[in-house]
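> 3D model of this:
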Amino acid sequence: MSACSGENKPATSDLKKALTLQLPGHISLDSFSVEASQNLGNKVEPLYAVRFQAAVKAMVDLYKEDRSENGVRFISIVSDKGKKADIFGKITSRLYQGAWQHNFDIDGNPFAGLGAPLTQFSGGRVIILGSDEEKKYYAEIEQKQTEQRKNIANAEKILLGKWRDENSLTTYKSDGTSHTVWDNGQEQIRLWSIQGDLRVETIKKNKPSNGEWKAIEGKIERTAKIVYIDNNRFTINEDGKLWNATRVQ
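You can find the predicted model right below:
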């Protein structure tokens, strides 16, 4: 009859290796130490609980999202490459078929605080705050705003011609009149002008579907704010509703 000697417990090197496998791909293990350990089972069925402290390190620069606007995501750096952080937790190890199986319980959520790698910010344009790309973005915005102010100032000339919106076709003429034909057959003739960034129209004649033209008595005005305009499309805001139109060649 023989007896086993020595204590069967997981080696510190094995615990360290197992913890490494739990880390995100952009985080490496820098150091590992066991603070306390206890066998919660027995010699036949050992169940070791270990309290550990470790230091981890960012393998690349890590970021967080700051805000988004116009479909662009702005991110800022949280951790430079090489930044270290301490983590704490418990490991429960059970012996099964001659090998140790480990279960980890890491205190808090330390990896989230370190940030995420740039590769995790996908989908659309991503700009790092403080970068040359951010300066380029705001230069583009300023250029577009300058072009838009110029287009609004010339809206009276740009609007001349035929435009198609969601449910009608409108022809703007140089004599200050416009002719709109709706998809349901209704027609309307108006006087139109541009006042600053407003399109002002006065209804003069109306023709119901399958009806006759009838002059409109009294002054009926419609005012819409020009939100955007170029040679091929424009957007107006009329009583809180946005209308989009494209030029018909």
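> any idea what sits nearest residue 128, other than its immediate chain neighbours?
residue 75 (5.8 Å; CB to CB, 6 or more residues apart in numbering). All C-beta atoms are positioned from the backbone trio N, CA, C, and that covers glycine.
> Kindly report the same for residue 101.
residue 94 (5.2 Å).
> where does this protein have low pLDDT?
Across the chain, residues meeting the criterion (pLDDT under 70) sit at 1-7.
> Break it into its domains for me.
For the chain, automatic domain parsing gives the domain ranges 12-131, 155-248.
> Neighbours of the residue nearest to residue 101, how many?
When neighbours are counted by other CB atoms under 10 Å, residue 94 registers 16.
> Surely residue 148 is in a strand?
No - counting by DSSP: H, G, I helix; E, B strand; the rest coil, residue 148 is not part of a strand but helix.
> so what's it up against?
Shown in contact with residue 148 (CB atoms under 8 Å, 6 or more residues apart in numbering): 228, 229.
> So residue 61 is in contact with residue 76, correct?
No - counting by CB atoms under 8 Å, residue 61 does not reach residue 76; the two are 10.8 Å apart.
> higher neighbour count, the two?
residue 61 (17 against 13).
> For the chain, which segments count as helices?
Assigned by DSSP state H, the helices in the chain fall at 12-22, 110-114, 132-153, 155-158.
> And those helices: which comes nearest residue 227?
Of all these, it is helix 132-153 that lies closest to residue 227, at 9.4 Å by CB to CB.
> buried residues in that closest one?
Going by neighbour count (16 or more other CB atoms under 10 Å), the buried part of helix 132-153 is 137, 148, 151, 152.
> Hmm, the third one is touching residue 158, no?
Yes - taking contact to mean CB under 8 Å, the distance of 6.3 Å between residue 151 and residue 158 places them in contact.
> so what sits against both of these two?
Joint contacts of residue 151 and residue 158 (CB under 8 Å, 6+ apart) are 229, 230.
> Counting neighbours, what do you get for residue 222?
When counting by other CB under 10 Å, one arrives at 13 neighbours for residue 222.
> Keeping just the C-alphas, turn stretch 70-86 into CSV.
Provided in CSV are the C-alpha atoms of stretch 70-86 (Å, rounded to 0.1, in the frame of the first residue of the first chain):
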residue,chain,number,x,y,z
ASN,A,70,-22.9,64.4,-39.4
GLY,A,71,-22.0,60.7,-39.5
VAL,A,72,-18.5,61.3,-38.2
ARG,A,73,-17.2,59.6,-35.0
PHE,A,74,-14.7,61.6,-33.0
ILE,A,75,-12.5,59.6,-30.6
SER,A,76,-9.8,60.6,-28.1
ILE,A,77,-6.9,58.7,-26.8
VAL,A,78,-7.3,57.2,-23.3
SER,A,79,-4.1,55.1,-23.0
ASP,A,80,-0.8,55.5,-24.8
LYS,A,81,0.9,52.3,-25.9
GLY,A,82,2.8,50.9,-23.0
LYS,A,83,0.5,52.3,-20.3
LYS,A,84,0.1,50.0,-17.3
ALA,A,85,-2.8,49.3,-15.0
ASP,A,86,-3.3,47.1,-12.0
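> Enumerate the positions of it that are buried.
73, 74, 75, 77, 78, 79, 85.
> need the contact list for residue 206.
Per CB under 8 Å, 6+ apart, neighbours of residue 206: 186, 187, 188, 189, 213, 214, 216.
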